[in-house]
Structure formats: structure tokens, C-alpha cells
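[1] with the input below, show me the fold.
(chains A and B)
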Amino acid sequence: MHLIEWIHGWQPLALCATVLGGLWGCAESAVVAKKPQPVDQGVIATEQPQMQVLAEPVLHPNLSIAAKLLRSGQFIDAEIVLRAILLEQPECARAEFLLGVAVMKQKKYALARPLLESSLARSQGFAERSQVDHFLGWSCYYIGDLDSSKRHFQAHVGSNPTADDSYFALGVIAIDEDRAGDAELALQRAIELIGPHPARSRDRAKALARLGDVAVRREMLDEALGLYEEAAQLWPDHYEVWGKLARVYDAQGRASEAQAARLNQQAAMERAGRVAPVPSTEESGNAQGTP
Amino acid sequence: MAFVTASAVCFGVTSLGAIGSEIVMRDVTATSGIDFVTTSGRDPSTQILEVKGGGIALLDADGDGDLDLFFPNGASLDAPMRGPGARLYENLGGLHFRDITSTSGIDHHAWSFGCAVGDYDADGRDDIYIACAGADRLFRNLGGGRFVDVTSAAGLGNEALWGTSAAFADLDGDHDLDLYVANYLACDPAKPIPPAHFRGLEVINGPRGLEAHPDLLYENLGNGTFANRSESSGIRTPAASFGLNVAILDLSGDGRPDIFVGNDSRSNFLFENQGGMQFKEVGAQRGVATNLEGAEQATMGIAVGDVNGDGRADLFTTNFSDDTNTLFVSSERGFFDDRTAQYGVGVPSRPLCGWATAFIDLDHDGDEDLFIVNGHVYPQATRATLNSEYLQPLLIMSRQGARFAPVADPAQPWLSSVHRDRSAVFADLDHDGDQDAVVTGLNQSVRVLENTHPAGNDWVVVALDDAEHPANRHAIGARIAVKSGDTTQYRWIIGGGPFQSNQSFEAHVGLGPPPTPETQVDVTVRWPDGVESSSTIPRGSRTVVRRPTTAGAK
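    Numbering: from 1, shown residues only, chains lettered A, B, ... in the order given. Next comes the predicted model:
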């Protein structure tokens, strides 16, 4: 599985490969502080202040084990290892960062946030430092703190101007804030950065679907249909986009097409294991109201 | 202040005064005379039966013109039929209440959840239906705050299901009140359900993986009895679901009341009324089954309002934490668009598990705010484990222009105090022109919240009286339009409402500053049978609008 998929399967969009290349590299070299890059999306991008990076601490040997656990999707095990590391090296910024990612993968966003903030505040050099804002952005988003989320994503695209997922996130936030024009700009920028490569079809589809949402907001249902259809074609397992397609068809009174889209949604959900009955009380996921 | 009729001299019209633009309330429980702690199983909860709490009924139990409070109350797993019992409180005025349970004839101790209010026997008095774990009950109002259990005589109580919410409305157009009951799931208090695991926590199991209970629909036969039409009406065409709440009003615009059912963890139902007590489930086709993402939510609270002033009812639903509440805005096409993001009502709800809700103009600025009570179901919930605390504050969303924004005010402790709230009702309980609130939760004290909006004439309260159809004298199903200056606001008299409770049959409208020199507003009522009537009423008044006779209607 591509690194992008496992680390960001829970997110609306993956980080670009160049970002993750640095994130999961084994080299622990200190990060050279980047000079902020000018970004052509002036509405949404802000510059990140230049950071003075202090000397890198001696890294705990188990950090690479934790990283491997994260890569293999063993988030709880990674959390255990990282907590043990932090007992020995409580000021290790990278361990805090990785622990933040590990708990984020368990959807514990409120727990992840202070860890990520702490890793950023320590001014230590570590390979993924320039990406912390990205993860903080999503953590804040999922606990409902849009202002902080926006600030972190803006900082991230300020220092990582090709970070398509942060542009995507800024588009999602703009939708939540009912700024359709900004949402469109950010999402188009994300799509442009993602590019047409088939390996990025999922990400492109997700961004197209959000652009479709913007079109719905503007009551441009035909345009929304086109965007949703393109997204569904790119990634047929994107069950949400089938649901959105069905809604637009229903809104237009196209009942048979809506029904077909719903069937596709159902099939996509089954492929994703989202609608299987849960017969065992010991299985996770049968708790009340699981969103 | 007593109601006056639209055609009579209106008492209580206050002088022009300062019109506050801020929401200000205070907790007056200590002086309210309500010292009632609800019962809902053990604390902390371990079974799903223990986490829904009980509703509240708003009704004029004693016929004195103000709204009294009824709490059905719960019980415990070891004695599910022998709880501490339901409670009835008489409204004494000034937000003072008196417990009159012992003289009311209500001796009800079964584990109870929702309640519905309606005059099922057309005798001019509000009766109470109680949705229970097991057989439901119907209490007939004898007048003077006295009730008698008529469940068997009315042909009800034959189904041992877990009823959560219920609502009265005239579903077949014969002018009497039929009954819909939302049911939840199979659950035997004597056989505890093993826990489930959720995000690494051992938590209360359900509803997924448990057996759903089908809903019930009863036709009022007009002779004091009901007939079970659950099968023949079509409401059981879709598979049984985990029903939690119900709201009945005309959502399709054809003049017939439709039934919106909030289901837990599954698609919501919208039963479109086909006439002749026939219903077709069209939730997905009308856009209210799921949110924009196609996700089945955990719909608990239901609020009915009109966020864009188009005269069509919109629906707001509350949901689980890590999800958002949802705003379905009706369109000309008869479809409900998920406009949660557009109106800003989603993101602030992410850390909260929402229950009862209502659109209310708390500050009388001429648009409706949102009142939402919250509290998690898992005692284990913390920010660290589930991004959400077990005890949660209220969420008040103030309408600010085109969007809603959460209200935060450290000077108002009622806003920030945390609870495990479930149900709430909203009405002008002290007759001062603004909407007060009564809130219940799990094993906690009932709270009475007084709206202290400054006195003025920036409001009207309208109650309807359909003397021609006394079996639905509150006119459940009517739409009220209040025009002040160039602005028209709409309210609906509905069956069901906030959560396991009934929405007040009195419509409250905040008017904002008066367009000089306006002293009156125009009221247009579309009665349940489609007849429209118009009248003019004073600002700052409580008014009963009576339905004209059919011959005199325009």
C-alpha cells in the first residue's frame, strides 16, 4: 500500500508524495528552516514566520520502530512505543509528533492536538517538522476549531506551496464558512497540484466532489452533476460522491438516475465494508450513533 | 398575561421599551418549585435503556390558560415497572410551579421516555400519551388537573415495544387526532446486553447490531378509541429502524401532514401522506434520509423553522459527537438541501452529542436562534478518548445575518454549566412575552431557564383555536404567518418536536424594533384543512386566533 493511503486514509485527501517523502524518511537530519514561499492564492495562503531550528536532540532508537508500526497501520502499538519513548525523553519533539499522528489515526483529535502543538513549540529539528501544521490543521478541524485549523493550513501552504491536501483542507473550511469563492480557488489549486496521474485519482475525485458541493451551494446543479460524475468515474468506490449524485438527481426530479446512484453508493459502501451487519457484540462499530 | 382573542381588546400590550439584541437567560430552578431529579437507571449508565432519558409534556393540564409540565420519568433495570413515577407540575405563574401529581390521578411508574399531547377525545382538554419501555399509556384529562388511565379503553397499549417519542396529528383529514409512535429497539432490562467496543473503549452496546422495533400508527376512530394502522398505512414498508423522534407537519406542500421520523444510526424516514391514511416513505428522494455526504446519522432532536423566510418548513436535526448537526432546507422543488455548512450550524456541534432542539427567537431580533441541549451517552467519554466530554454545555446558536454563530458569555453560567441533558421544552411559561426553557437529563435535576429579555412590544404569541373542529382545537398542522413591516415570519403547529417532548402549541414570534409607527402585525393562518384566515393583532400581545367558520373564511 502506498504510504499516502495508510497515513491519510481517514482524511479527505492525501498529502502529496513529496511531503510524505520527508515525513517518513529514516534520515533524522535537522530541518533547514525554509524561507516562506510566496503563494499565488493570496486569499488563503499566509506566510509562516521563519523558524529558528535548534540543535537536534539525540534520537531514541525506538523511534524508527514506532515509525514502522505507524507505516504498518498498528497505531495502538505505535502509541505504546511512543509513550514509552516519551517517558525516557519527555522533550523529544519528534516522538510527540509521531504520537500525535498515532492518536489521530485513532480519531482522537483532541488528544492529538496538544501533542502536535507541543512538538511544534519545542523548536527542535526533526524530519517532519514542516508538516506539523498540516496535521494540526486536521486535528483542529475535527474538533470543531475552524479558526485554528485554517491558521495551521495557511501556515502549511505558506511553507509547502505544493501541499495539495492543505489546499483541499482550506477549500473544505471555506465551504464550512460559506465562502464559496475562496473554496473554489483552494479546491482548484488542490486539483491542479494533484494533477492527472492515475495514482492520485482518489485525491482528485475527493477534490472534485467538494467542488461539486460548491456548485450545489450556488444552485448550479448541472455543474455539480458534472463534477460529481467525474469524481465517481475517477474513483467508483467513493460512496459519498454517489450519495451526492443521488441527491442532485433527486433535487432535479430524476428519480431513476437517483436510484441508480443510490445503488452504486450502496455497492461502494459494501466494497468499503461500511454497511455489513455487525452481529457480534464484541465487534467494534456497533456502538450508538457511530458516525 | 392571559390570552385574548384577535377580535377583542388585547390586554397586556406593553409600552414601547428597549429591545434587547442579546440573549440573556438565567437558571431559576431554585425558586421554581421544581425540585425533581429524574430517574434513568443507574449512574453511570451501562445499558442503552438507561441513556435516552425522559421527555417533557407541555400542556394546559388544569384548563387555566397557562402551560403546565408533565415528566413521564424513568425507572431502573431491576424494577423497570416500578420507578419513582411520573410527575405533574401546575404552573402557578411567574415561573413558579407546584407538584400536583398526588391529586392528578396519574400513578404511573413504568419506565417512560417520550410523551405526546393532544385532545384525543375532543372534550376540550389536553390528554397525555406516554411512550414506554413496554406498553404505552394514555391518560385522559378529566379537567382541573385530574387524569385517568384510559389505555385499554382506547384500544392502546397492546404492543410491548420500546417507545421513544410520539406525536398526535390529524393524519387522515377527518379532524380528529391520530397518533404516531416512534419505537427504538428490543431490550430486556433483565438481560443486560454485553458491552461493545468503540475506539478502544468498552462502551454501552447499541443500537447497531440490536433488533429494531417497528413504529406504530394509530387511527383515531372518533369514538374514544384507536385502531392500529401500522401495517395497512405503509409506515412499515421500510424495515424497522431505531426510531428516536418524530415531527408531524406538511413538508410536501400538499396540505396533508407528513411524518418525519429521526432514526438512530440509520436513514431517517419521511412518510409522505398520500391521503386516506396511506403513507409512502420518501426520505431519500426528498433529501432528509441522510446528510449531504450520504451518511446515516443518529438523529435525536428535531426543530422546525424557516431559515430563509420562504414560507416552507426547514428541518434541523441534532446528532452524535464527531458528526455534525444537520440543517435540511426545503426548496421549491420539494427537495431538502443539506445546508449545514452554508448556515454555519455544523462545525460547532462536532464535540457535542445533541438532543432536544428548537428554533426560538431568544432575543426578539426578528429571526430564530437555535437552542440545543447536549450530553454524551458514554460515561467514559472524554476529550482524550472520544473528542467529547460526558457532561456538556448547551449550544445556543444565534442567528447573525445569513448564518448562525454559537453564543458564549462567561457572565451567564446557565450557558457554560455542563450536564447530560436530553429533553427540553420551550414556551412563554411566565407570560412575559419571551420563551423560557425547561430541560431534563439523566438522573439530574430538572432545570428551569428564564428568558430575561427586556419587556417591550417586540414579540407576539399566537395560539390557535379551531372551534369548528374541536378534536384538533390547537390546529396541529397549521402554518402561521406573522407580517411586521416588510418581513413575514412563519411558524408551524406540529405534532412531536424537540426530543421525546412536544413543541408548544403557542407560536412565539420575535419582531425586532417596530417599523414606526407600527403597533400591530398581520397574522395569516393556514388551518390544517387548508382554509386561510387573516387578522391583525397588537405587538407585544398574547392572542388566541380563532378559526372563522368555513363560510366566513377567505
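
[2] for the stretch 201-350 of chain B, what lies in contact range of chain A?
    Residues of the stretch 201-350 of chain B lying near chain A by C-beta under 8 Å from any C-beta of the partner chain: B:203-210, B:264-265, B:284-287, B:290, B:292-295, B:297-298, B:319-320, B:322-323, B:331, B:333, B:335, B:337-338, B:341-344, B:346-350. Every C-beta, even on glycine, is put in place using the N, C-alpha and C of the backbone.

[3] just the buried members of the residues you listed?
    Taking 16 or more other C-beta atoms under 10 Å in any protein chain shown as the criterion, what is buried in these is B:203-210, B:264-265, B:284-287, B:290, B:292-295, B:297-298, B:319-320, B:322-323, B:331, B:335, B:337-338, B:341-344, B:346-350.

[4] which of these fall within helices?
    Taking DSSP state H as the definition of helices, these contribute B:284-286, B:341-343.

[5] what packs against the host helix or strand of A:Ser119?
    A:Ser119 belongs to helix A:109-121 when assigned by DSSP states H and E. Under the contact definition 3 or more C-beta pairs under 8 Å, 6 or more residues apart in numbering or on different chains; DSSP states H and E, helix A:109-121 sits against helix A:93-104, helix A:132-142, helix B:383-386.

[6] among those, which is nearest B:Pro410?
    For those, proximity to B:Pro410 was assessed by C-beta to C-beta; helix B:383-386 is nearest, at 19.8 Å.

[7] the helix or strand following the closest one pairs with which strands, parallel or anti?
    With elements assigned by DSSP H and E, the helix or strand that comes after helix B:383-386 is strand B:395-400. Its sheet considered, strand B:395-400 pairs with strand B:369-374 (antiparallel), strand B:403-406 (antiparallel) by DSSP bridges.

[8] leaving out the residues flanking it, which one is nearest to whichever residue of the stretch 351-500 of chain B sits closest to chain A?
    Distances between the stretch 351-500 of chain B and chain A by C-beta to the nearest C-beta are smallest at B:Arg383, namely 4.0 Å. Setting aside the residues directly before and after it, B:Arg383 is nearest to A:Ala110 in space (C-beta to C-beta, 6 or more residues apart in numbering or on different chains), at 4.0 Å.

[9] you'd agree that neighbour is up against A:Ile143?
    Yes: look at A:Ala110 against A:Ile143 with C-beta atoms under 8 Å: they come within range, at 5.1 Å.

[10] rebuild the helices and strands packed on helix A:109-121 as CSV, extending it with mean pLDDT.
    What follows is the helices and strands packed on helix A:109-121, written out as CSV (pLDDT from 0 to 100):
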stretch, mean pLDDT
helix A:93-104, 97
helix A:132-142, 97
helix B:383-386, 93
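
[11] what would these look like in TSV with mean neighbour count?
    TSV is the format used below for these (neighbours: other C-beta atoms under 10 Å in any protein chain shown):
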stretch	mean neighbour count
helix A:93-104	26
helix A:132-142	26
helix B:383-386	20
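
[12] how about the ones you listed in TSV, adding distance to A:Ala255?
    Converted to TSV, the helices and strands packed on helix A:109-121 look like this (distance: least, C-beta to C-beta, whole Å):
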stretch	distance to A:Ala255
helix A:93-104	41
helix A:132-142	35
helix B:383-386	39
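
[13] and those: which comes nearest B:Glu518?
    Taking C-beta to C-beta, helix A:132-142 is the member of the helices and strands packed on helix A:109-121 nearest to B:Glu518, at 45.3 Å.

[14] so which elements touch whichever helix or strand comes after the closest one?
    Next along the chain after helix A:132-142, taking DSSP H and E as the criterion, comes helix A:146-159. With contacts taken as 3+ C-beta pairs under 8 Å, 6+ apart, helix A:146-159 sits against helix A:132-142, helix A:164-176.

[15] so which of those is nearest chain B?
    helix A:164-176 (4.8 Å).

[16] tell me the angle of that closest one relative to helix A:146-159?
    Following axes from the mean of the first three to the mean of the last three C-alpha atoms, to 10 degrees, one obtains 150 degrees for the angle between helix A:164-176 and helix A:146-159.

[17] tell me the mean pLDDT over helix A:164-176?
    Averaging pLDDT along helix A:164-176 yields 98.

[18] do stretch B:442-454 as well
    97.

[19] ditto for stretch A:209-220
    Here the average pLDDT along stretch A:209-220 is 97.

[20] contacts for that stretch, please.
    A:12, A:168, A:171-172, A:175, A:178, A:180, A:183-184, A:187-188, A:191, A:221, A:223-225, A:227-228, A:231, A:238, A:240-241, A:244, A:248, B:292, B:337, B:341-342 (C-beta atoms under 8 Å, 6 or more residues apart in numbering or on different chains).

[21] gap between the two ends of stretch B:23-37?
    27 Å (C-alpha to C-alpha, to the nearest Å).

[22] same question, stretch B:138-150
    The first residue of stretch B:138-150 is 6 Å away from its last residue (C-alpha to C-alpha).

[23] how far off centre is it?
    22 Å (C-alpha atoms, centre = their mean, to the nearest Å).

[24] may I see the buried residues of that stretch?
    Using 16+ other C-beta under 10 Å as the burial criterion, the residues of stretch B:138-150 that qualify are B:138-141, B:145-147, B:149-150.

[25] thinking again about what came up before, so which of the helices and strands packed on helix A:109-121 comes closest to A:Gln154?
    Among these, helix A:132-142 sits nearest to A:Gln154 (C-beta to C-beta), with 8.4 Å.

[26] contacts for that closest one, please.
    Outside helix A:132-142, the residues that touch it by C-beta under 8 Å, 6+ apart are A:11, A:15, A:19, A:48, A:97, A:100-101, A:104, A:107, A:109-110, A:112-113, A:116-117, A:119-120, A:146, A:148-150, A:152-153, A:155-156, A:159-160, A:163, A:165-166, A:169, A:172-173, B:322, B:350, B:387.

[27] buried sites along stretch A:155-173?
    Residues A:155-161, A:163-173 are the ones in stretch A:155-173 that count as buried (16+ other C-beta under 10 Å).

[28] what do you get for stretch B:160-172?
    B:161-172.

[29] need the residues you listed in a markdown table (columns: pLDDT, distance to chain A and secondary structure).
    Converted to a markdown table, the buried residues of stretch B:160-172 look like this (pLDDT from 0 to 100; distance: C-beta to the nearest C-beta, whole Å; DSSP: H, G, I helix; E, B strand; the rest coil):
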| residue | pLDDT | distance to chain A | secondary structure |
| --- | --- | --- | --- |
| B:Leu161 | 97 | 18 | strand |
| B:Trp162 | 98 | 14 | strand |
| B:Gly163 | 98 | 18 | strand |
| B:Thr164 | 98 | 13 | strand |
| B:Ser165 | 98 | 16 | strand |
| B:Ala166 | 98 | 21 | strand |
| B:Ala167 | 98 | 22 | strand |
| B:Phe168 | 98 | 27 | strand |
| B:Ala169 | 98 | 25 | strand |
| B:Asp170 | 98 | 28 | coil |
| B:Leu171 | 98 | 25 | coil |
| B:Asp172 | 98 | 27 | coil |
